[in-house]
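A.B. asks: My questions are about this predicted structure, shown below with the sequence.
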Amino acid sequence: MKYIKSKLIIKILILGSLLLISQQVLAQSWRPVRGSILFGISGMALISQQNSSLDFLVVHDNKQANQERLAILTIKDKNQPEYLSVNWTSNSQLPIDLEALTSIPKTKNNFIALSSSGKAYNIKLNPDKKTISVIKEFELPGIPPGSNFEGFALQNIESKLVAIWAHRGEGEQPSIIYWGILDLDKYQITSINSTKLKVPFPSGNVRHISDIKLDSAGIMYISSASDNGDNGPFQSAIYVAGYLGLRDNKIIWRQNSELVPLYRFDHHKIEGIELIPGVDGGVIVGTDDENFGSYVYVLGDNIL
């Protein structure tokens with residue numbers, strides 16, 4: 001147990017030293033994606049990374065039949081993002097209010113998207129045809145009444161497929177982070193546990209978790225955002241929430257006892273984050289700025 005705690009402290013100290021660098025040094029400009037409330041980014045996942053180009057699948061939280069659900073976002077060098085709509089398969093009903101997206105580790109073009117109600121969609125992307133097919137629809141287990149999910153992620157940790165998801169919380173109501181081990185053959189999540197979390201910033205109409213991701217070392221990243229209506233004002237922050245690991249085939253959780261905003265942003269409501277692996281990796285964020293549309297921002301000047 002002491003070893004685990006020491007390991008977590010060391011990881012967070014190293015991470016903090018790398019990330020708490022002046023934003024003037026890391027600065028990239030916010031890159032506009034689409035200028036309408038219908039194109040807010042509520043979740044994003046990396047499709048491919050090559051040379052100076054990144055491709056992402058993004059989801060929109062739309063609810064009407066004639067509105068987009070998915071798109072491929074391509075970022076090349078310092079250029080503005082390229083946006084291409086992705087058609088939802090015709091053999092499945094359109095989802096309502098998609099709020100999260102994760103790739104499935106050790107697969108190609110396979111993702112799970114999650115709606116705010118807790119309905120999940122295992123989807124396969126055909127990037128050439130710009131279409132997806134729905135492999136399976138399933139529900140998160142034991143959904144409490146009033147849940148509003150805004151984050152879902154998968155990661156392989158010590159040969160186990162760990163799933164994490166989060167009820168966003170709001171104001172004085174904390175977020176709730178859930179985790180378990182996912183069996184993709186049975187679409188069952190076992191060894192489930194949870195914890196509550198509140199962030200110090202933003203304040204007011206804050207959603208304590210607006211997205212969530214887990215890296216291969218078990219470090220959990222979250223975004224938090226304030227939402228004061230369709231015209232803002234908005235604020236957001238990125239945190240390291242803690243550490244997930246396995247011991248005796250059981251998931252252990254070590255929460256960061258003093259949450260420090262690694263990045264703070266005014267004027268934008270971050271609802272999508274993704275981790276970019278490798279020597280030139282980093283973090284990218286996407287926004288749902290309501291009437292002001294959507295933007296992406298690259299944290300780290302070596303990614304592109």
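C.D. replies: Yes, it's here. Keep in mind it's a predicted model, so treat the numbers as computed, not measured.
A.B. asks: and after the worst-scoring helix or strand of the chain on mean pLDDT, which helix or strand comes next?
C.D. replies: Here the helix or strand of the chain ranked lowest by mean pLDDT, DSSP states H and E is helix 23-26, holding a mean of 37. The helix or strand immediately downstream of helix 23-26 is strand 31-34, counting by DSSP states H and E.
A.B. asks: Where do the helices of the protein begin and end?
C.D. replies: Secondary structure of the chain (DSSP state H): helices at 2-19, 23-26.
A.B. asks: weakest of the ones you listed by average pLDDT?
C.D. replies: Ranked by mean pLDDT, the helices of the chain bottom out at helix 23-26, with a mean of 37.
A.B. asks: counting residues per strand, which one in this protein is longest?
C.D. replies: Identified as the longest strand of the chain according to DSSP state E is strand 234-247.
A.B. asks: Flag every buried residue along it.
C.D. replies: For strand 234-247, burial by neighbour count (16 or more other CB atoms under 10 Å) applies to 234-246. C-betas here are computed from N, CA, C, even on glycine.
A.B. asks: swap in stretch 247-254?
C.D. replies: Going by 16+ other CB under 10 Å, stretch 247-254 has these buried residues: Ile251, Trp253, Arg254.
A.B. asks: Same question for stretch 265-285.
C.D. replies: Neighbour-count burial for stretch 265-285, counted by 16+ other CB under 10 Å, picks out 265, 268-276, 282-285.
A.B. asks: Just the closest of these to Arg168, please.
C.D. replies: Ranked by distance to Arg168 (CB to CB), the buried residues of stretch 265-285 are led by Glu271 at 9.6 Å.
A.B. asks: Let me know whether the closest one touches Asp289 as I believe.
C.D. replies: No - if you go by CB atoms under 8 Å, Glu271 and Asp289 don't touch, sitting 9.3 Å apart.
A.B. asks: shared neighbours, those two?
C.D. replies: Residues touching both Glu271 and Asp289 (CB atoms under 8 Å, 6 or more residues apart in numbering) are Gly40.
A.B. asks: Pull the contacting residues for Ala65.
C.D. replies: Applying CB under 8 Å, 6+ apart to Ala65 gives the contacts Leu94.
A.B. asks: Over to it: give its phi and psi.
C.D. replies: phi -60, psi -30 (degrees, to the nearest 10).
A.B. asks: Could you report the distance from Ser90 to Thr131?
C.D. replies: Plainly put, Ser90 is 9 Å away from Thr131 if you go by CB to CB, to the nearest Å.
A.B. asks: For Ile189, which non-adjacent residue is spatially closest?
C.D. replies: Nearest-residue entry for Ile189: Gly180, 4.0 Å, with adjacent residues in sequence omitted and distances by CB to CB, 6 or more residues apart in numbering.
A.B. asks: For Trp253, see how far away the one you found is.
C.D. replies: 12 Å.
A.B. asks: which residues do the two both contact?
C.D. replies: With CB under 8 Å, 6+ apart as the test, Gly180 and Trp253 both reach Asn193.
A.B. asks: Any stretches of the chain with poor pLDDT?
C.D. replies: Residue ranges of the chain with pLDDT under 70: 1-28, 301-304.
A.B. asks: The same query, at a cut-off of 90, please.
C.D. replies: Residues of the chain meeting the criterion pLDDT under 90: 1-29, 50-52, 77-79, 89-92, 247-250, 257, 277-281, 299-304.
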